[in-house]
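Participant: Need a 3D model of the following:
(one chain, ligands or ions: 1)
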Amino acid sequence: MATQDELKQAAARAAAHKVQSGMVVGLGTGSTAAFAVSALAERMQTEGLKLIGVPTSVRTAEQARSLGIPLATLEEQPHLDMAIDGADEIEIGSLNLIKGAGGALLREKLVEASAAELIIIADASKKVTQLGTRFALPVEVVRFGWKATFARVEALGCTPVLRLDEKGDPYLTDEQHYILDCQFGPMADPAKLADQLKGTVGVVEHGLFIGMAKEAIIALQDGIETLVPTP
Ligand SMILES: O=C[C@H](O)[C@H](O)[C@H](O)COP(=O)(O)O
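Facilitator: Numbers count the residues shown, from 1 in each chain. A predicted model of the protein is given here:
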């Protein structure tokens, strides 16, 4: 029986094989995306694949650089051919997502909104019938007046928790913001919630990725399953 890491790697490899030479590729963040970065570097070495990566976090930039993947910023490469990333929850049918457990949601959304195709990679544990079932929704907020923002977000119907780092200090994102992990429970209308959060003063971004994923590559014990959004 394959381990969870082996499944993540299988999905990552399948996505990396979709990349063609000359592409500009958004490089996601997290344990699954890290396997995709490694798989791309391997293809560069073994097949001479050429690509430019646009990383979605400092962490991913460091990994890609260490593997010799040429990188560009979003300012330098504002139009990406593809982005490959993991997710915390993938809603079967819509392919709407919850992302941000790793804290990279803001840069991920910026990079992935600029990609012609967003490919999500995961093991089967990430599939849900309704978003909000397994994970709290990460909401990135500016530090200034964060308690007032906390109260506004709470009033939308959730229990927010300020994310802390391993030292017990507030976790800081790459853009130096805080994250509130918001337990909304199963979401009947995630698109409406996304709009409400975007309209909340102090909220910079949230981890709902609505209508963005073109495909989800899910690694199962008996092979790869490819999901596309149903109309
Ligand atoms: O901020 C982190 C990202 O949204 C990750 O892509 C997401 O948390 C999935 O991470 P993992 O592949 O480690 O489960």
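Participant: Enumerate the residues of this protein near the ligand.
Facilitator: For the chain, the residues found near the ligand under the criterion C-beta under 6 Å from any ligand atom are 28-33, 85-88, 99-105, 108. Using the backbone N, CA and C atoms, a C-beta is placed for each residue, glycine as well.
Participant: ok, and the closest non-adjacent residue to residue 143?
Facilitator: When the adjacent residues along the chain are set aside, residue 143 lies closest to residue 178, with 5.6 Å between them (C-beta to C-beta, 6 or more residues apart in numbering).
Participant: can you check residue 12 too?
Facilitator: Here the nearest residue to residue 12 in space, its sequence neighbours aside, is residue 35; by C-beta to C-beta, 6+ apart that works out to 3.5 Å.
Participant: dump the residue contacts of the one you found.
Facilitator: For residue 35, the contacting residues are 5, 8, 9, 11, 12, 13, 121, taking C-beta atoms under 8 Å, 6 or more residues apart in numbering as the criterion.
Participant: Check which residues of whichever strand or helix holds it are buried.
Facilitator: Assigning secondary structure by DSSP states H and E places residue 35 in helix 31-47. Burial within helix 31-47, assessed by neighbour count using 16 or more other C-beta atoms under 10 Å, is assigned to 32, 33, 34, 35, 36, 37, 38, 39, 40, 41, 43, 44.
Participant: just stretch 87-106 next, same as before
Facilitator: The neighbour-count criterion (16+ other C-beta under 10 Å) identifies 87-91, 94-106 as the buried residues of stretch 87-106.
Participant: quick one, what contacts residue 204?
Facilitator: By C-beta under 8 Å, 6+ apart, the residues touching residue 204 are 106, 140, 141, 142, 175, 177.
Participant: Kindly recompute the last result at 7 Å.
Facilitator: Under the criterion of C-beta atoms under 7 Å, 6 or more residues apart in numbering, the neighbours of residue 204 are 106, 140, 141, 142, 177.
Participant: and if you look at residue 137?
Facilitator: Taking C-beta under 7 Å, 6+ apart, we find residue 137 in contact with 98, 182, 184, 206, 207, 208.
Participant: So which of these is the closest to the ligand?
Facilitator: Within the set of the contacts of residue 137, residue 207 lies nearest the ligand; the separation is 6.8 Å, counting by C-beta to the nearest ligand atom.
Participant: Need the phi and psi values for that closest one.
Facilitator: The main-chain torsion angles of residue 207 are listed as degrees, to the nearest 10 and equal phi -90, psi 10.
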